[in-house]
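Trainee: Just need the structure, nothing else, for what follows:
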Amino acid sequence: MNRCGVCKKKVGLMGFNFKCEEGPFCGEQRYPESHDCTFDYKEEGRESISKNNPVVKGEKMRDRC
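Mentor: As a prediction, the model looks like this:
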C-alpha cells in the first residue's frame with residue numbers, strides 16, 4: 001500500500017507524485033510548499049520558455065539619404 005512521504009497516510013491509487021522524487025503525497029501535502037519540495041519549478045519554466053521561443057532578430061535598416 002502506498003503511503004504519503006510526509007505524514008504516512010494511505011494515498012491509495014491516486015497519490016500525487018512530483019519531480020522532487022520524494023514519493024507519493026496525500027491531498028494535504030500535494031502542494032510543493034507543504035512538503036518542502038526541492039525541485040525548482042520556476043527555473044524549469046524559464047528553460048522551457050527560452051528553448052521553445054528562440055530570439056529572432058532581423059537585420060537593421062540602412063539609411064537611404
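Trainee: and the gap between the most centrally placed residue in the chain and Glu47?
Mentor: Taking CA atoms, centre = their mean, the centroid of the chain lies closest to Tyr41, which sits 3.5 Å from it. In this view, Tyr41 and Glu47 are 11 Å apart by CB to CB, to the nearest Å. (Each C-beta comes from the backbone N, C-alpha and C, glycine too.)
Trainee: isn't the residue nearest to the centre of the chain right next to Cys20, touching?
Mentor: No: Tyr41 is not in contact with Cys20 according to CB atoms under 8 Å; the separation is 9.8 Å.
Trainee: what do those two both touch?
Mentor: Shared contacts of Tyr41 and Cys20 (CB atoms under 8 Å, 6 or more residues apart in numbering): Pro32.
Trainee: Can you name the residues that contact Gly12?
Mentor: Asn2.
Trainee: So for stretch 30-39, what gets flagged as buried?
Mentor: For stretch 30-39, burial by neighbour count (16 or more other CB atoms under 10 Å) applies to Arg30, Pro32, His35, Cys37.
Trainee: need the contact list for the residue lying closest to the residue nearest to the centre of the chain once chain neighbours are set aside.
Mentor: What sits nearest to Tyr41 in space, not counting adjacent residues and going by CB to CB, 6 or more residues apart in numbering, is Pro32, at 7.0 Å. Counting by CB under 8 Å, 6+ apart, Pro32 makes contact with Phe18, Cys20, Phe39, Tyr41.
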